[in-house]
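1. build me a model from this:
(2 chains)
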Protein chains: 2
Amino acid sequence: MRSDGAFEALAAALLLGGLLGCTVPAEEAAGGRALIVAGGTLLTMDDQRTIVENGAVAIAGSSIVAVGTDRDVRATYPEATVLDATGKLVLPGLINAHAHVPMTLLRGIADDLPLTEWLTDVIFPAEAEFVDEEFVRWGTRLACLEMIRGGITTFVDMYYYEDAIAEETDRCGMRAVLGETLIDFPAPDNATWDEAVTYTERFVNRWRDHPRISPAVAPHAPYTVSGDHLVAGHRLATELDVPLLIHLAEDKSEVETILEKHGMRPVQYADSLGILDDRVLAAHMIHPSTDEIGILAARGVGVAHCPESNMKVAAGVAPVPQLLAAGVAVGLGTDGAASNNNLSVWDEMDTAAKLHKVTTGDPTALDAQTALALATRGGARALDMVDQIGSLEPGKRADLIIVNIDGYHQQPVYDPYSVLVYSTQASDVETVIIDGRVVMKSGTVLTLDADEVLTRAQEYRDRIRAGITHPQ
Amino acid sequence: MRSDGAFEALAAALLLGGLLGCTVPAEEAAGGRALIVAGGTLLTMDDQRTIVENGAVAIAGSSIVAVGTDRDVRATYPEATVLDATGKLVLPGLINAHAHVPMTLLRGIADDLPLTEWLTDVIFPAEAEFVDEEFVRWGTRLACLEMIRGGITTFVDMYYYEDAIAEETDRCGMRAVLGETLIDFPAPDNATWDEAVTYTERFVNRWRDHPRISPAVAPHAPYTVSGDHLVAGHRLATELDVPLLIHLAEDKSEVETILEKHGMRPVQYADSLGILDDRVLAAHMIHPSTDEIGILAARGVGVAHCPESNMKVAAGVAPVPQLLAAGVAVGLGTDGAASNNNLSVWDEMDTAAKLHKVTTGDPTALDAQTALALATRGGARALDMVDQIGSLEPGKRADLIIVNIDGYHQQPVYDPYSVLVYSTQASDVETVIIDGRVVMKSGTVLTLDADEVLTRAQEYRDRIRAGITHPQ
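-> Model prediction:
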């Protein structure tokens, strides 16, 4: 995955006039087909971190076709429909680089337990009994509602029945990288490894040409998938030419288990199997050694940092400043709602910035601009999708959000990065555009029936509560 | 301050019928003067952590007069006005145990800087140039808007022109413990120690009998106030019989300075001066030794834990599980908006729970119920006000909030403590009642002119931005 430098430069160019680029002539985008998001302050998150006050983004079809000042963009596309963002911030949609979206239906089912007790006494039994295709569909719908409401335009998922997740994601208009989980024990959808591989091949081939859904292969983790199967999973991803998603170096017990079994730490072990390359997105990465950080950088592995989940399950603190310094591409992930307990990348940004300051003792360790970069271009780089998403630039997919900054908790605003990272809540997102389509307007999600989803979520809660025995 | 036990028992009594108590006969509260918050799930946060499903709270004047099931409370007060909370959670108002509320006007003015640079290059010059009585009034109004919106009913403040802060707090209907800062260098409102003492005496005597404003004495910290003055400040608080607010053991450099000057650590030093007793609320308390934790417990000192501020300025992690185990009363504080950058106790609860899990490596270290207890009864105990606030019990002040739990980010709900601590945002608060008065209804703050406050906040931002030179 592309590595465009350690601690990407904190440049902040201010565009005072003109266009940053224009890919479609006005005549082609005319006739009401173009949409201009106009009047807001643009945080482009491009290489120069260009900020355009009173700026505008022009969209034709699913693409950004121009970024510049309001006056110049409007003059270029005089026939376009205008969406007013005056007084608001406009930025690339947030990327949730690691999730298990159907687990929203298990949000907060059991908290504050030791990890093994939580997994073996609550999560695994609940999944074994209740996870089927219907569960996955309703869980995905609830997650997409929450993610769109909070300004996420792209998410990465690893779960079961991923084909159903892809259908629901497609329906609500989100962009996603979706990996069917491969694991060495019977899963809700596939009883054996071979069945799961067959499912994955069919799943990948069904979705590979979709404009918003990128299918992936997702071997669960080195402690739940054998070495042979990790190699086979990587071969499958390579042959199909899709991303490989994996949990790696998440827990100390994982490090100990792999060390004991293989005489190597998890990243070293994965590398010895030849499965680390630039198609890999590794979630968590809490416990890499310095040598292993070097391996990740050399192989171009992307990392999904999940600070809130890691804190809540007491797994540890990923060495993000060191990963960035080594040139590793890092995105931010929420993990599943059962271990977080929400899908807010705003919370992850805020927590990431604060957590790395306090654990390093250095208040400059991870600043607000870097936190926003992780949630946008960082995630895009980690997914090797930076040519498509992660910044507001002509030629990229039109994934952007408009954010209100007039809340009592946000005012006054001295710095746009600061207000976003340290003060903004998911509920401050006003409008969400994905692939050129307005999927949320003025806080209302347009592509899902929220009442029906909430009703079904409560029905699942009632059934699950009645069916499983809580510890204590 | 009252110490009702280490890790207060995780009891959860479920009231199925009847009243938990009733202090005012129906006839006295009749005639439309009583208000019933009815139909919601009550998290009383009383000693038994009683939860009442389909419950009701009756309010007469400024007091809670009955807590019980909806049916029984309504039957007791048939003439009362009813505020419907069906499908929502009803809980004691949140207590913000440490803040500098006028600093909202400096929210995010400079972030991600080393502490000394942040203070000496940005905050102190901005305060020296811009803080006057008007600044304090508008900053307090903005802070009260934000705090009411987020369900805070009581806050603790240390700043300058505290008399103006008290007037503004009184006007908007909030409850507060307000301490005029005493410090050994010229402050914006008082040029000398003697002037500040005179101001404080007048301030305390003006407000001491107010039903919602508790005046306090607030010597800044042991590294900014001499030993003689700390003793004099404590004598003043004792003579006036009011709380003493202080910053204590916040920063490693403070510990080193005090050790070097006095051969003792900060808590030991304060104790050697005889200034630690149950009227003291000490903010931050990041670096007490085990011996010092024993001193705090023995003297009945309350602690205001400010996890987000402590993380953001990289000051360290307070040993909250150890403080609680020793029986120290701990509340949660936001600190000033310049170092956080918001006044959300929801964020502090979530962060406290997660931070202590990850730093101890124990996912049971601080659970959701304990986090909510810190933000309610914990703050009340730390302030020695647990007979008045911190739980829903007959005879206490009517400070309560109604919280929506139908957000996409909250559903489904398996556990009421979990949804509040791990999923809820400030924007989910629906209604706020303080001292029996509805100060926010359906998300609208009724006691402040929000448009005017936001306009003035932006004017201050423009003036301050023009007037001070940012670093870099």
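2. give me the below-cutoff pLDDT ranges for chain A.
-> Along chain A, the parts satisfying pLDDT under 70 run over A:1-17, A:21-32, A:468-472.
3. domain ranges for it, per the record?
-> By the assignment in automatic domain parsing, chain A contains the domains A:19-93+A:395-445, A:94-382.
4. mean neighbour count for those - can I get that in TSV?
-> For the C-beta atoms, the positions are set from N, CA and C on the backbone; glycine is no exception. Formatted as TSV, these follow (neighbours: other C-beta atoms under 10 Å in any protein chain shown):
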stretch	mean neighbour count
domain A:19-93+A:395-445	21
domain A:94-382	23
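5. turn those into a markdown table, columns for distance to chain B.
-> Output for the domains of chain A, formatted as a markdown table (distance: least, C-beta to the nearest C-beta, whole Å):
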| stretch | distance to chain B |
| --- | --- |
| domain A:19-93+A:395-445 | 4 |
| domain A:94-382 | 4 |
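6. so which of those comes closest to A:Gln388?
-> Among the domains of chain A, the nearest to A:Gln388 by C-beta to C-beta is domain A:19-93+A:395-445 (5.1 Å).
7. closest to B:Met311 out of the domains of chain A?
-> domain A:94-382 (3.7 Å).
8. chain center to that closest one, what's the gap?
-> 9 Å (C-alpha atoms, centre = their mean, to the nearest Å).
9. wait, which of the domains of chain A is closest to B:Thr198?
-> domain A:19-93+A:395-445 (33.5 Å).
10. quick one: end-to-end distance for that closest one.
-> Terminal residues of domain A:19-93+A:395-445 lie 31 Å apart, using C-alpha to C-alpha, to the nearest Å.
11. follow-up on the earlier one: now the domains of chain A as a markdown table including distance to B:Val345?
-> A markdown table is the format used below for these (distance: least, C-beta to C-beta, whole Å):
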| stretch | distance to B:Val345 |
| --- | --- |
| domain A:19-93+A:395-445 | 12 |
| domain A:94-382 | 15 |
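12. A:Asp462: which of these is closest?
-> Of the domains of chain A, nearest to A:Asp462 by C-beta to C-beta is domain A:94-382, at 11.3 Å.
13. quick one: closest of the domains of chain A to B:Gly18.
-> domain A:94-382 (29.3 Å).
14. what's A:Ile64 sitting at in phi/psi?
-> Taking degrees, to the nearest 10, you get phi -80, psi 130 for the backbone angles of A:Ile64.
15. tell me the contacts of it?
-> Listed by C-beta atoms under 8 Å, 6 or more residues apart in numbering or on different chains, the contact set of A:Ile64 reads A:23, A:57-58, A:392-398, A:400.
16. same deal with A:Glu201?
-> A:236, A:240 are the contacts of A:Glu201 under C-beta under 8 Å, 6+ apart.
17. phi, psi of it?
-> Torsion angles, degrees, to the nearest 10, at A:Glu201: phi -60, psi -50.
18. and for A:Ala128?
-> phi -60, psi -40.
19. wait, it touches A:Tyr160, no?
-> No: using C-beta atoms under 8 Å, A:Ala128 is not in contact with A:Tyr160; the gap is 11.1 Å.
20. give me the common contacts of these two.
-> With C-beta under 8 Å, 6+ apart, A:Ala128 and A:Tyr160 have common neighbours A:Pro188.
21. now the contacts of A:Ile64 in a markdown table, with distance to A:Glu459 and secondary structure?
-> What follows is these, written out as a markdown table (distance: C-beta to C-beta, whole Å; DSSP: H, G, I helix; E, B strand; the rest coil):
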| residue | distance to A:Glu459 | secondary structure |
| --- | --- | --- |
| A:Thr23 | 47 | coil |
| A:Val57 | 41 | strand |
| A:Ala58 | 44 | strand |
| A:Leu392 | 40 | coil |
| A:Glu393 | 44 | coil |
| A:Pro394 | 46 | coil |
| A:Gly395 | 45 | coil |
| A:Lys396 | 40 | coil |
| A:Arg397 | 36 | strand |
| A:Ala398 | 36 | coil |
| A:Leu400 | 35 | strand |
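22. between these, which is closest to A:Ala380?
-> A:Lys396 (9.1 Å).
23. would you list the phi and psi of the closest one?
-> phi -80, psi 170.
24. that one is in contact with A:Arg377, isn't it?
-> No: A:Lys396 lies out of contact with A:Arg377 (C-beta under 8 Å); the separation is 10.6 Å.
25. mutual contacts of these two, please.
-> A:Gly390.
26. mind checking the SS state of the residue nearest the centre of chain A?
-> Centrality entry for chain A: nearest residue to the mean C-alpha point is A:Asn96, 1.6 Å, by C-alpha atoms, centre = their mean. Of the three states, A:Asn96 takes strand under DSSP: H, G, I helix; E, B strand; the rest coil.
27. the closest residue to it other than its chain neighbours and A:Gly331, how far apart?
-> Excluding the flanking residues, the one nearest A:Asn96 by C-beta to C-beta, 6 or more residues apart in numbering or on different chains is A:Phe155, at 4.1 Å. Distance of A:Phe155 to A:Gly331, given as C-beta to C-beta, to the nearest Å: 11 Å.
28. list residues touching both of these two?
-> A:95, A:97.
29. ok, now how distant is A:Ile59 from A:Ile405?
-> A:Ile59 is 22 Å from A:Ile405, by C-beta to C-beta.
30. cool, A:Glu260 as well?
-> Taking C-beta to C-beta, one finds A:Glu260 at 51 Å from A:Ile405.
31. just A:Arg33 next, same as before
-> 30 Å.
32. A:Thr153 too?
-> Distance from A:Thr153 to A:Ile405, by C-beta to C-beta: 19 Å.
33. and for A:Gln411?
-> Taking C-beta to C-beta, one finds A:Gln411 at 7 Å from A:Ile405.
34. quick check: neighbours shared by the two?
-> Joint contacts of A:Gln411 and A:Ile405 (C-beta under 8 Å, 6+ apart) do not exist.
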